[in-house]
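K.L.:
I would like to see how this sequence folds:
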Amino acid sequence: MSGRVPSGRVPSGRLAQIRTFHPRRGRLSARHLDALDRLWSGYGLTVPVPEHADSGDRPTGGRLDLVELFGREAPVVLEIGSGMGDATVAMAAADPGRDYLAVEVHTPGIANLLALTEQHGLTNVRIARGDALDLVRHLLSPDRLDAVHVFFPDPWPKPRHHKRRLIQPAHVALLRSRLVPGGTLHCATDWPEYAESMRDTLTADPELVNVYPGFAPRPAHRPVTKFERRGTTAGRPILDLIFRRR
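P.N.:
Sure thing, here's the model as predicted:
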């Protein structure tokens, strides 16, 4: 597959950068190892690490050519934190007219999504390994995405960790800038306090407008994820927010 981006080295200064995710370890099954060995070159790309993590420098190689990456011109949906990939595959299978670029850091999840993509015969899924913010900031052009999905991001519930949350003003402005006019930013969480914070942050962005008066009714196109099931089992409400770029 052409359009792949080479990996970059990890400088020591990278460790000091605030992350919006917590890397997890997980065992790779024989199925996962096989999927990585056979399918990564056809479906995967590695997000380069900037040479100077705090400088905002763009990695060498330029912007990612999404037409070349997917082999066609079509609207693109960015899935941030695709987990084990079940929801991404379900949405991509039901929505063949759009391409889905999933970004994840958890290797078993990446491998599982590769296996599921092959199993379902999908041609409209690609998987990026790395930090979603690096991908958006350095590799995606403005006004390019049809939608951005942020489903059940880490809520970082302790107040001292709120700075690690993905949905905060600077990150929202960055994500919004990559949407086409009329494109949607769709978030979902099972943490009510984070949901309120998300709503306030999204509402405050001058170029975003809430599609619904408050929280959105659960959209039929968003599959039930394991995080949603966990939240429901624990008695937490599932809250969706769908905002559109003006």
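K.L.:
beta-bridge partners for the residue nearest the centre of the chain, please?
P.N.:
Nearest to the geometric centre of the chain sits residue 80, at 0.9 Å (CA atoms, centre = their mean). When bridges are called by DSSP bridges, residue 80 pairs up with residue 103, residue 150.
K.L.:
hmm, it is touching residue 166, no?
P.N.:
Yes - assessed by CB atoms under 8 Å, residue 80 is found in contact with residue 166 at 7.1 Å. In this view, the C-beta of every residue, glycine as well, is placed from N, C-alpha and C.
K.L.:
what is in contact with those two at once?
P.N.:
132, 150, 153 (CB atoms under 8 Å, 6 or more residues apart in numbering).
K.L.:
which of the residues you listed ranks first by neighbour count?
P.N.:
Counting neighbours by other CB atoms under 10 Å, residue 132 leads these with 26 neighbours.
K.L.:
separation between that one and residue 83?
P.N.:
13 Å (CB to CB, to the nearest Å).
K.L.:
what of residue 115?
P.N.:
When residue 115 is compared with residue 83 (using CB to CB), they lie 14 Å apart.
K.L.:
go on, residue 226?
P.N.:
Residue 226 is 7 Å from residue 83, by CB to CB.
K.L.:
these two: which is more packed in?
P.N.:
Legend: neighbour count by other CB under 10 Å for residue 226 and residue 83, higher for residue 83 (21 against 12).
K.L.:
picking that back up, tabulate the shared contacts of residue 80 and residue 166 (TSV), appending distance to residue 230.
P.N.:
Shown next, in TSV, are the shared contacts of residue 80 and residue 166 (distance: CB to CB, whole Å):
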residue	distance to residue 230
132	22
150	17
153	14
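K.L.:
for residue 212, state which of the residues you listed is nearest.
P.N.:
Nearest to residue 212 among these: residue 150, at 16.6 Å, using CB to CB.
K.L.:
all strands for this protein, in order.
P.N.:
Secondary structure of the chain (DSSP state E): strands located at 44-46, 76-80, 99-104, 125-129, 145-151, 179-189, 208-210, 239-245.
K.L.:
quick check: which of the ones you listed is nearest to residue 220?
P.N.:
Comparing the strands of the chain by CB to CB, strand 239-245 comes nearest, at 11.2 Å.
K.L.:
alpha carbons of the helix or strand of the chain with the lowest mean pLDDT, in CSV - could you do that?
P.N.:
Least confident helix or strand, the chain: helix 226-233 with a mean of 87, by mean pLDDT, DSSP states H and E. Output in CSV follows, covering the C-alpha atoms of helix 226-233 (Å, rounded to 0.1, in the frame of the first residue of the first chain):
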residue,chain,number,x,y,z
LYS,A,226,-17.4,-2.9,25.4
PHE,A,227,-16.9,0.4,27.2
GLU,A,228,-20.5,1.2,26.8
ARG,A,229,-21.5,-2.2,28.1
ARG,A,230,-19.3,-1.7,31.1
GLY,A,231,-20.7,1.7,31.8
THR,A,232,-24.3,0.4,31.5
THR,A,233,-23.5,-2.5,33.8
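K.L.:
just checking, what packs against that helix?
P.N.:
Here helix 226-233 touches no other helix or strand, going by 3 or more CB pairs under 8 Å, 6 or more residues apart in numbering; DSSP states H and E.
K.L.:
try it again with 10 Å
P.N.:
helix 86-94, strand 179-189 (3 or more CB pairs under 10 Å, 6 or more residues apart in numbering; DSSP states H and E).
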